[in-house]
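Visitor: Here you go, sequence then predicted model.
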Protein chains: 2
Amino acid sequence: MVIVNVRDGATAGQISRAYTHGVLDRALPTGEILPADYALQHPQDWLDDSAIACREAIAQANVTPDQIIGIGVAFTSCTMLPTLRDGTPLCQIDRFARVPLAWPKLWKHHGAKDATDRINQIARERDEPWLARYGGSIGIEWFFPKILETLTDAPDVYDATEVWIEAGDWFVWQLTGELTRSTCQAGYKACWNKHTGFPSRDFFQAVHPKLTNVVSEKIPGTFNSPGRKSGGLSRNAATRFGLRENTPVSTAIIDAHAGVPGAGVASPSTMVMVIGTSSCHMMNSRIEALAAGIAGVVEDGILPGYFGYETGQASVGDAFNAVVRLLGSSHESLSREAAELPPGSNGVLALDWLNGCRTPLMDGRLSGAFVGMTLSTLPEQLYRATMEATAFGLRWICDTLRDAGVPVRRFVASGGLPRKSPLLMQIYADVLDAKIRPSASDEPVALGAAILGALAAGPEATGHASISQAIHAMARQREDVMYRPDLRARREYDRVYRLYRELAEKDGTVARVMRGLRSLPTEVSQEERGITPEPVAGADPHPEDEEEE
Amino acid sequence: MVIVNVRDGATAGQISRAYTHGVLDRALPTGEILPADYALQHPQDWLDDSAIACREAIAQANVTPDQIIGIGVAFTSCTMLPTLRDGTPLCQIDRFARVPLAWPKLWKHHGAKDATDRINQIARERDEPWLARYGGSIGIEWFFPKILETLTDAPDVYDATEVWIEAGDWFVWQLTGELTRSTCQAGYKACWNKHTGFPSRDFFQAVHPKLTNVVSEKIPGTFNSPGRKSGGLSRNAATRFGLRENTPVSTAIIDAHAGVPGAGVASPSTMVMVIGTSSCHMMNSRIEALAAGIAGVVEDGILPGYFGYETGQASVGDAFNAVVRLLGSSHESLSREAAELPPGSNGVLALDWLNGCRTPLMDGRLSGAFVGMTLSTLPEQLYRATMEATAFGLRWICDTLRDAGVPVRRFVASGGLPRKSPLLMQIYADVLDAKIRPSASDEPVALGAAILGALAAGPEATGHASISQAIHAMARQREDVMYRPDLRARREYDRVYRLYRELAEKDGTVARVMRGLRSLPTEVSQEERGITPEPVAGADPHPEDEEEE
């Protein structure tokens, strides 16, 4: 929760507060044990904990409610829930309180595997036109797989659901009383398009007869792009949050996507790289193009008037952490040694798919690899190779966009890692052959949401005549740091990148073997398998002579 | 140095003694600095240190010189040297004492890279018939590459050389005064064949005009198989070693190959696996077959009357050591954890080529790989995967032989690792789907040499009527330990082995990428490559707007 100055984006108050119930991935608050791939949240936390944080932030900022001219909401996605028509979450009705699938599913809830497969299969069979906007397949974390999972596994919950809704939209609904839907959330996670809407009734019927009218019957609401006003703060909510009634509330945006305005980026062709445990790379463009493996292209998805591209790498910081753990070392010492190595890590090449490959292969069965080890390979070679692999993965994403006709011209780095690892940023600059500017804000997502709140308040309230003016006034890149590509490193990385692409080929040997490895059994009991030698009573010491050729 | 009882092979005396000058890989005793890939030895050490060890072993065994009825010699190979006609090593002549290439080259001397390439290229162009006996290429450590290296890099030494000879043959020469050549050393390392001799004059002329008559002019001597008597101990040598004059001395054998009789194996189709830092797998067969990547098939190469097959894996224990170092752990803890994992190491697959691939790909540019890592992969998975990879490599060797029509029926394990790692042996049994019997002797190579000494002494002296009887009397496998394949593990390994073979494909993606990685620069200076961000004076905080699309 941040309170920022609408003139220059300066932080006036900033409060972090964990949700009271955190992530429900082992049991419901009522005690029911959850399956392994479940991740739920408590909807009351969203309201209660953010209200507390809001009051604390106002106190910290020492402002009056009147000075808060607008509210922006960035939310994880696709985090979604089933509610009644009045917005009551199903899990807050006695009848469903103990039913896990009546609770909000957090974005990383992974119970919808079969549902995802079914939806992708039917969409491919029917050659659904919207599928190409998502690079040819939709993800297990998305909106309709989560709905189908509930329909299949908890049909009572599905039947009782009057509204399926993204958590960000629900939150705005609770603040304003208006049921609007974000074009960002709907576009990236629910296969919605500005011109054609949701997938067709026929499609849903083919997936499951009971889904036929899901859109008309269970997904009400009007669409609004982030930065447009969904409504004014209700009296009830104003009281709860300690704010002024009727304060304009922007339509929600996906958290990562808020990082684009939050990094001070208003114009097209600048990729905003949010580099953390995983990476999300977002870019606006005037050009709409469809390319395999792009997680999504959504008109007005990030900022009004542009096609917003979302691409991602499933493990970046997570991969570095995993390698550090594997090597029994530390980031500090490995980074220090890795910095002394030349491009190409002295002949070690990695694939950065320790959590599968998102863009462009969209395949969770892929895994990590190291190639090129000799008897004298050092741990820092594996560490640097992993860094380089994430850089190659990013370059591949850029090449995929460019090959589809979408220019990628400039790079702004945001997220936790750019600050932690200058080495990583220099590798990215060398591999991309481009300058990289780190964003100035520590909290670009929260700042981006605040900017959207300012946009919702309108030019009269903010003094900023345009979206671009507001973004530039309130957010920027650092002035003291820029990473520039080194000419020689760049040329050397060209060679290593070609090897990376060869190794990473979509249906190549390595990908095939990785998929094969995923299909092996992993839970075999060891009991029957004696690894201590069995004494052999009276064995002939020359058994080779038993048989004659 | 061992003294063993000819009746039952029991060790009467056993002395290990390091060579006084060790391996000369940094400088000559005279101070000359050596290039990085040089590895030389001092010929005087071979005589002096083994004479001391011999006298100590006799004292330890408490026997009289009369009781020593025969002498066997196992020597590293191809360790070779240039001498005068009377056996004087060139390095012991004043004129050449400071010339590195006048010294004996140890087997692992790697200065002959260009020479090896040239010989292989000419042999292929001329379609030399002998090349197929070595799987299609000869190695950098072999006899003629080492000669050509000297001819090219030190022509004076080449011109002054009257005899090019294997160290084992030279040693026997010094003991007996007889210049014989071992069919083992000549067959495996000098492209010699019982029926056709050395490569032709025409071939050598094509390699280098000065090599034309190398065989007739500089490689004198008669051929003898190991276990045949080269001569009796000379008076001079008898005095030096404290032995009886005229004691029969067997023709030399390559050290690893002595491990076949030393493991109690006399009959064909039993593979003797010498598993240590690297592995050498040897087998006698009644069948001669030529297969790509087999390091050599030599008639009478190991035991008279059989075709001896030599195959190898360039890193086994070395690979485990490298992985332990990389993971910052210990063999003890990794082995303990690895033993709890199922076949397939929970989805991690390795390629065991950390020192290149010997059989069957014969390619030193190949390197190690790990595939299948996730964010939660544990160090023991990489460790076990490396063990499994060496097992798959061995199975591939067996499949290569079998595909060529050479049966492989039984397995005896020898070398240092079988004793150290029951887990490794169980994995080998499961992957090979075969029982594995460890050899009984701690020193199978020395015992094998002693058996050959007994054979040279003849049936009257030993009481053993046949070679097979002598081997069985003097050496055996352990009676208390045998590894048996587990049915389920075997089936699971079949699946993983197929993935290994897919990954390891000769000209497949991974091999291509590995060769590409070897051709990358590895010594780039880091100075020009600033990894700390450069401050940018007066940078526009919104540089993205500089350019318009």
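Guide: Sure, I can see it. Numbers count the residues shown, from 1 in each chain, chains lettered A, B, ... in the order given.

Visitor: Now residue A:202: which helix or strand?
Guide: helix A:201-207 (DSSP states H and E).

Visitor: Contacts made by that helix with the rest, please.
Guide: Residues from elsewhere that reach helix A:201-207 (CB atoms under 8 Å, 6 or more residues apart in numbering or on different chains): A:118-119, A:122-123, A:125-126, A:128, A:144, A:148, A:211-216. Where C-beta positions appear, they are placed from N, C-alpha and C, glycine not excepted.

Visitor: Now restrict those residues to buried residues only.
Guide: Buried members of those, scored by 16 or more other CB atoms under 10 Å in any protein chain shown, are A:118, A:119, A:122, A:123, A:128, A:144, A:148, A:211, A:212, A:214, A:215.

Visitor: Excluding sequence neighbours, find me the nearest residue to the first one.
Guide: Same thing as residue A:118. residue A:207 (6.3 Å; CB to CB, 6 or more residues apart in numbering or on different chains).

Visitor: For residue A:249, what is the enclosing helix or strand?
Guide: Of the helices and strands defined by DSSP H and E, residue A:249 is found in strand A:248-250.

Visitor: Following element in sequence after that strand, please.
Guide: That would be, after strand A:248-250 and using DSSP H and E, strand A:253-254.

Visitor: ok, back up a step: pull out the buried positions in the helix holding residue A:202.
Guide: A:203, A:204, A:206, A:207.

Visitor: before we move on, what about stretch A:404-413?
Guide: For stretch A:404-413, burial by neighbour count (16+ other CB under 10 Å) applies to A:404, A:406, A:408, A:409, A:410, A:411, A:412, A:413.

Visitor: Pop out the phi and psi values for the fourth one.
Guide: When read as degrees, to the nearest 10, the backbone of residue A:409 gives phi -110, psi -30.

Visitor: which residues are in contact with stretch A:416-430?
Guide: A:273, A:275-277, A:316-317, A:331, A:335, A:338-339, A:343, A:384, A:387-388, A:390-391, A:394, A:411, A:413, A:435-436, A:438-439, A:483-486, A:489-490, A:493, B:529-533.

Visitor: Got a ChimeraX select line for the buried ones in these?
Guide: In ChimeraX, a selection of the buried entries from those looks like this (16+ other CB under 10 Å):
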select /A:273,275,276,277,316,317,331,335,338,339,343,384,387,388,390,391,394,411,413,435,436,438,439,483,485,486,489,490,493 /B:529,531,533
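
Visitor: Distance-wise, check residue A:465 relative to chain B.
Guide: As judged by CB to the nearest CB, to the nearest Å, residue A:465 and chain B stand 16 Å apart.

Visitor: repeat for residue A:107
Guide: 17 Å.

Visitor: That residue against residue A:75, yeah?
Guide: No. In this structure, residue A:107 is not within contact of residue A:75 by CB atoms under 8 Å, at 9.4 Å.

Visitor: Between these two, which has more neighbouring residues?
Guide: Comparing residue A:107 with residue A:75 by other CB atoms under 10 Å in any protein chain shown, the one with more neighbours is residue A:75, at 24 against 21.

Visitor: so what's residue A:10 closest to, chain neighbours aside?
Guide: residue A:4 (6.4 Å).

Visitor: The top helix by length along chain A and chain B, are they touching?
Guide: Looking across chain A with DSSP state H, the single longest helix is helix A:379-403. Yes. Applying CB under 8 Å from any CB of the partner chain, one finds helix A:379-403 touching chain B at A:379, A:382.

Visitor: Kindly tell me how buried residue A:520 is, as a neighbour count.
Guide: 19.

Visitor: chain center to the helix holding residue A:202: distance?
Guide: Counting by CA atoms, centre = their mean, to the nearest Å, helix A:201-207 is centred 27 Å from the centre of its parent chain.

Visitor: Take that helix, keep the C-alpha atoms, and write them as PDB.
Guide: Written as PDB, here are the backbone C-alpha positions of helix A:201-207 (Å, rounded to 0.1, in the frame of the first residue of the first chain):
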ATOM      1  CA  ARG A 201     -21.300 -20.200 -26.700                       C
ATOM      2  CA  ASP A 202     -20.600 -23.100 -29.100                       C
ATOM      3  CA  PHE A 203     -17.100 -23.400 -27.900                       C
ATOM      4  CA  PHE A 204     -18.100 -23.600 -24.300                       C
ATOM      5  CA  GLN A 205     -20.800 -26.100 -25.100                       C
ATOM      6  CA  ALA A 206     -18.100 -28.300 -26.800                       C
ATOM      7  CA  VAL A 207     -16.000 -28.100 -23.700                       C
END
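
Visitor: what is the mean pLDDT for that helix?
Guide: Here helix A:201-207 scores 98 as its mean pLDDT.

Visitor: Could you pull out the strands in the stretch 1-150 of chain A for me?
Guide: For the stretch 1-150 of chain A, the strands defined by DSSP state E, counting those that start in this stretch cover A:2-4, A:11-14, A:74-75, A:80-83.

Visitor: JSON lines please, covering the buried ones among the contacts of helix A:201-207 and showing pLDDT.
Guide: Listed next are the buried ones among the contacts of helix A:201-207 as JSON lines, based on pLDDT from 0 to 100:
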{"residue": "A:118", "pLDDT": "97"}
{"residue": "A:119", "pLDDT": "98"}
{"residue": "A:122", "pLDDT": "98"}
{"residue": "A:123", "pLDDT": "98"}
{"residue": "A:128", "pLDDT": "97"}
{"residue": "A:144", "pLDDT": "98"}
{"residue": "A:148", "pLDDT": "98"}
{"residue": "A:211", "pLDDT": "98"}
{"residue": "A:212", "pLDDT": "98"}
{"residue": "A:214", "pLDDT": "98"}
{"residue": "A:215", "pLDDT": "98"}
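
Visitor: Just name the closest of these to residue B:312, please.
Guide: Checking the buried ones among the contacts of helix A:201-207 against residue B:312 by CB to CB gives residue A:118 as the nearest, at 51.7 Å.

Visitor: quick one: that closest one and residue A:205, what's the gap?
Guide: From residue A:118 across to residue A:205, the span is 13 Å (CB to CB, to the nearest Å).

Visitor: what's near enough to touch the nearest residue to residue A:58 once chain neighbours are set aside?
Guide: Leaving aside its chain neighbours, residue A:58 sits nearest to residue A:242 (5.8 Å; criterion: CB to CB, 6+ apart). Applying CB under 8 Å, 6+ apart to residue A:242 gives the contacts A:51, A:54, A:55, A:58, A:65.
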